[in-house]
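Q: Next one to model:
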Amino acid sequence: MLTQDADVPVFHFLEHPDAIVVRLAPDDLETLLARPYARPFEPMAGRTMKGYARVEVAKLPTGELAKWVRKALTFAETLPPKAKKP
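A: Numbering: from 1, shown residues only. From the prediction side, this is the model:
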């Protein structure tokens, strides 16, 4: 089971019971968004969050969820650590 490390930037989270949001490298994001079960993540209607996709878990083929979460984690590990708040 993956857990969010405080020193690793956010790479995934549950939007609600039927969807997960993942943060991906640009090439992976483009590939994922071409799939029928994914769309750009909009935290508010009409406001897309760059680099993130919303994935409808129930529509994923078997094995795809773990694949995309792994890709999100791999990408997050390439990002600089979050700055500590004073």
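
Q: C-alpha from now on. contacts and neighbour counts both.
A: Will do.

Q: Report the contact partners of Trp68.
A: By C-alpha atoms under 8 Å, 6 or more residues apart in numbering, the contact set of Trp68 is Val22.

Q: Could you look up the SS state of it?
A: Trp68 falls in the helix class when you classify it by DSSP: H, G, I helix; E, B strand; the rest coil.

Q: and it, how far is that from Asp28?
A: 9 Å (C-alpha to C-alpha, to the nearest Å).

Q: For Lys84, see how far away Leu24 is.
A: 23 Å.

Q: which of those two has more neighbours?
A: Leu24 (25 against 6; other C-alpha atoms under 10 Å).

Q: quick one: the more buried one and Lys67 touch, right?
A: No. If you go by C-alpha atoms under 8 Å, Leu24 and Lys67 don't touch, sitting 11.7 Å apart.

Q: in the chain, which spans are helices?
A: According to DSSP state H, the chain carries its helices in the segments 26-33, 64-76.

Q: quick one, which of those helices is packed in tightest?
A: helix 64-76 (a mean of 17; mean count of other C-alpha atoms under 10 Å).

Q: confidence score at the spatially closest residue to Arg54 that is not a sequence neighbour?
A: Excluding its sequence neighbours, the residue lying closest to Arg54 (C-alpha to C-alpha, 6 or more residues apart in numbering) is Val21, at 4.4 Å. The score at Val21 is 91. That number is its pLDDT.

Q: can you check the one 3 residues further on too?
A: Note on Leu24: pLDDT of 95.

Q: Thank you kindly, that will do.
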